[in-house]
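In: coords please:
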Amino acid sequence: MTHRRTAAGPDAARRNLLTDRPELYELRFPDPGFTAARWAESMLREHGAGPEVLDLGCGTGRDAGWLHRTAGRTVTGLDSSPAMIAHARTRHPGPSYHVGDMREFTLPGRFDAVLCLDSALLYCHTNADLDALFGRLRHHLRPGGLLVAEMRNGAFFLGRTELLDAARLDSVTHDGVTHTSRTVLWIDHAAQLLRRTRSWAADDGSPPVEQHSAWRLLFPQELRHLLAVHGFTVLALHDRPGPRTDPPWTDGDRPAATADGDRLHLVARLAPAA
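Out: Numbering: from 1, shown residues only. Here you go, the predicted structure:
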């Protein structure tokens, strides 16, 4: 989904250097082989999805554009960032793109499948947010339609700390300016959130920028229950391989059992009409 997402949640409305400047996003998180889009297409084909797809939290439109252009699907993209949607329309044309909140959106028609990649689903921080999202999915999916999602795995953080607390430095250069980020992840246990503080410094003398964001941490059994309550049957739930695992998914890979990897990969089907 290509690390790329902005979607619903209390932090989504805050300014963010990468979502305000999508060209930087695609440089910082390159996906030259369209691994995320190819993985999503393989899940859609394997489970017999029809051609009409909603990419929820579509970001820069890189995945949506590939699915339209290469896989021949009719794609609609929705994201909460106007800058991302403007970039998608210009750089990855073909899909129909909309600005909206995943908890509240209403689009015309129904879809054969909804994609929710790169932890976009986890921008729904509260149980009420998640209930609202799944209500929107039930409204927009055809009976028997698929939800294909890829996200962080809450179970990974049960006793695992290697991704937490220590600062990580990364840089990206655009138009001759190098932007360096310092990122720290930590757990907000009471809210069941993985929180991130990221500060940016540029070598052109512009003032530093500090950003705060968070993802809901969902555990595999919690996710199964949530889906069942909202009328979905889980067809596949595994930790690897996927577009952001190490090693990443490649064509023909088969899923492993859910274990303790830091990503979860989900395929679920909305119950057909009675």
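
In: Show me the longest helix that occurs in this structure.
Out: In the chain, taking DSSP state H as the definition, the longest helix is helix 127-140.

In: and the helix or strand hosting residue 182, how far out from the chain's middle?
Out: Taking DSSP states H and E as the definition, one finds residue 182 inside strand 177-188. Distance of strand 177-188 from the chain centroid (Cα atoms, centre = their mean, to the nearest Å) equals 19 Å.

In: repeat for stretch 244-258
Out: 17 Å.

In: Any regions of the stretch 1-150 of the chain where pLDDT drops low?
Out: 1-15 (pLDDT under 70).

In: can you rerun that using 50?
Out: 1-14 (pLDDT under 50).

In: can you give me the helices in it?
Out: Here the stretch 1-150 of the chain has its helices, by DSSP state H, counting those that start in this stretch, at 17-20, 22-28, 35-46, 62-69, 82-91, 127-140.

In: Quick one: closest of those helices to residue 163.
Out: helix 22-28 (17.9 Å; Cβ to Cβ). To be clear about C-beta, it is placed using only N, CA and C from the backbone, and glycine gets the same treatment.

In: got the buried residues for that closest one?
Out: 22, 24, 25, 26, 28 (16 or more other Cβ atoms under 10 Å).

In: swap in stretch 141-158?
Out: Within stretch 141-158, the residues scored as buried using 16+ other Cβ under 10 Å are 141-142, 145-157.

In: Please apply the same query to stretch 88-108.
Out: Within stretch 88-108, judged by 16+ other Cβ under 10 Å, the buried ones are 88, 92, 94, 95, 97, 100, 101, 102, 103, 105.

In: And those, which is closest to residue 43?
Out: residue 95 (18.2 Å).
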